[in-house]
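Asker: sequence isn't available, so here's the structure alone:
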């Protein structure tokens, strides 16, 4: 049986794809729990699959982008030396 999982989300921007006019949104997703494919499954479950998702998305969503449009814009972790506290790495989404 699947274990419970929780994600939070908020819409950052609404727009449409230039070629098809299909409405899309840039969404900030935060996994509260850490389950495999959690964000992709939650977006699919609410009827908004991640663009480019060939595993969990619809055919239309999979074809809408040349790659999976899921990107970690920030990662925070404890420094491996154990003395320098937490470090954060940031990277803007390339799409």
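Answerer: Noted; the coordinates are in hand. Just so it is clear, the model here is predicted, and its values are computed rather than measured.
Asker: residue 62 and residue 56 touch, don't they?
Answerer: No - Residue 62 is beyond contact range of residue 56, at 9.2 Å (criterion: C-beta atoms under 8 Å). For glycine as for every other residue, the C-beta is placed from the backbone atoms N, C-alpha and C.
Asker: just grab the bridge partners of residue 86 for me.
Answerer: Listed by DSSP bridges, the beta-bridge partners for residue 86 are residue 78.
Asker: read off the pLDDT value for it.
Answerer: For residue 86, the pLDDT comes out at 95.
Asker: how far away from the center of its chain is the longest helix seen in the chain?
Answerer: Ranked by residue count, the top helix of the chain under DSSP state H comes out as helix 38-45. Centroid displacement of helix 38-45 relative to its chain, using C-alpha atoms, centre = their mean, to the nearest Å, is 9 Å.
Asker: helices and strands around that helix, which ones?
Answerer: Secondary-structure packing of helix 38-45 (3 or more C-beta pairs under 8 Å, 6 or more residues apart in numbering; DSSP states H and E): strand 7-16, strand 23-31.
Asker: so which of those is the most surrounded?
Answerer: Highest mean neighbour count of the helices and strands packed on helix 38-45: strand 23-31, a mean of 13 (counted as mean count of other C-beta atoms under 10 Å).
Asker: that one pairs with which strands, parallel or anti?
Answerer: strand 7-16 (antiparallel).
Asker: just want the most central residue of this protein.
Answerer: residue 70 (4.0 Å; C-alpha atoms, centre = their mean).
Asker: ok, now which ones touch that one?
Answerer: Residues near residue 70 by C-beta atoms under 8 Å, 6 or more residues apart in numbering: 29, 39, 40, 50, 53.
Asker: any idea how far it lies from residue 80?
Answerer: Applying C-beta to C-beta, to the nearest Å, the value for residue 70 to residue 80 is 26 Å.
Asker: and the pLDDT for the most far-flung residue of the chain relative to its centre?
Answerer: Within the chain, the residue lying farthest from the chain centre (C-alpha atoms, centre = their mean) is residue 83, at 31.2 Å. According to the predicted model, the pLDDT of residue 83 comes to 90.
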